[in-house]
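Q: dropping the sequence and predicted coords here.
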Amino acid sequence: MRRYDDPVEVRKGLVTGVEGPEQFLWRGRLWKVRAVLAHWVETGPWWQSAGARAVLGADDPGPTPLGDLLVERELWRVEAGRGATGPGVEGREGVFELSYDWAEGRWQLLGCTD
């Protein structure tokens with residue numbers, strides 16, 4: 001899988017009965033999600049936060065911002081394509097990893113295999 005950290009625009013909707021990314025615009029090209037292969041949530045590295053370091057006695061940072069402990073991002077592994085589909089019709093498709101950062105309210109394309 002090639003790794004990226006590119007911003008994407010995402011339109012959400014239902015794909016095979018699952019609400020999630022339905023289409024995304026990446027590098028000026030529109031991709032349509034055909035299947036959601038996986039969906040999970042990751043928390044940020046809370047153990048590296050100022051509050052966790054203070055509890056461990058590493059330093060005394062003062063008050064801990066609550067946001068440091070609540071950082072999450074939602075990840076989606078999807079199969080998507082662009083162009084026509086069907087028997088004998090050539091189109092591009094691949095598997096993509098999309099991430100939604102709840103704290104910043106933005107989508108990123110993290111990787112793809114096409």
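A: All right, it came through fine. Numbers count the residues shown, from 1 in each chain.
Q: for the rest of this, base every contact and every neighbour count on C-alpha atoms.
A: Will do.
Q: residue boundaries of the helices in this protein?
A: Secondary structure of the chain (DSSP state H): helices at 50-55, 67-70.
Q: which stretch in these is the model least sure about?
A: The minimum mean pLDDT among these belongs to helix 67-70 (a mean of 55).
Q: so which residue is dead centre in this protein?
A: Nearest to the mean C-alpha position of the chain, by C-alpha atoms, centre = their mean, lies residue 99 at 0.9 Å.
Q: thought that one was touching residue 107?
A: Yes - Residue 99 lies in contact with residue 107 (C-alpha atoms under 8 Å); the separation is 5.5 Å.
Q: what residue ranges in the protein are flagged as low confidence?
A: 45-53, 55, 58-71, 84-91 (pLDDT under 70).
Q: how about the strands in it?
A: Using DSSP state E, the strands assigned to the chain run over residues 2-7, 9-15, 18-26, 29-43, 72-82, 92-101, 106-113.
Q: any chance of those strands in TSV with distance to residue 56 as columns?
A: What follows is those, written out as TSV (distance: least, C-alpha to C-alpha, whole Å):
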stretch	distance to residue 56
strand 2-7	32
strand 9-15	40
strand 18-26	39
strand 29-43	20
strand 72-82	23
strand 92-101	28
strand 106-113	33
